[in-house]
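Colleague: Could you work out the structure for the sequence below:
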Amino acid sequence: VLVGLICFPPQNYPLYIRSVPTENELKFHYTVHTSLDVVDEKISAMGKALVDQRELYLGLLYPTEDYKVYGYVTNSKVKFVMVVDSSNTALRDNEIRSMFRKLHNSYTDIMCNPFYNPGDRIHSRAFDNMVNSMMMQVC
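Modeller: Next up is the predicted model:
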């Protein structure tokens, strides 16, 4: 079960939040916000090498008893954090990587929309549909 996805601009406030199921949403928010520190550590540790790389997938940020937290950073320093139920052993690293690429492509489509103000919360039916299809694929 995919627990949730959250998207942060460089200023670290959420642009998009989606979690299933919603009863543990507070725990999900806590897990995601603590993972931002790990994302920032990985970015600073990679330094210039991250800028030169085309692969922006950060991999497994950290596992907890209940969840596995994965990260991805775009060239413009927008962070995607995905939280997956740790009981899901069928999900491989390359599948997570391709899910992040799909997210990045959909995010790019949103940025290309002339009616979208960069930095505003994402309210896109196409982005929601893509996230929902990813969640259904994983579940």
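Colleague: Next secondary structure element downstream of the lowest-mean-pLDDT helix or strand in the chain?
Modeller: Every helix and strand of the chain was ranked by mean pLDDT, DSSP states H and E. The lowest is helix 48-52, at a mean of 57. Tracing the chain past helix 48-52, the next element assigned as helix or strand by DSSP states H and E is strand 57-63.
Colleague: Give me the buried positions along that following strand.
Modeller: By neighbour count on 16 or more other C-beta atoms under 10 Å, the buried set for strand 57-63 is 57-58, 61. In short, each C-beta sits where N, CA and C put it, glycine included.
Colleague: can you check stretch 124-139 too?
Modeller: So stretch 124-139, judged by 16+ other C-beta under 10 Å, has buried residues 124, 127, 130-131, 134-135, 138.
Colleague: Looking at the residues you listed, spot the one nearest residue 22.
Modeller: Residue 22 has its nearest neighbour among the buried residues of stretch 124-139 in residue 135, at 12.5 Å by C-beta to C-beta.
Colleague: in a helix, that's where the closest one is, yeah?
Modeller: Yes - counting by DSSP: H, G, I helix; E, B strand; the rest coil, residue 135 falls inside a helix.
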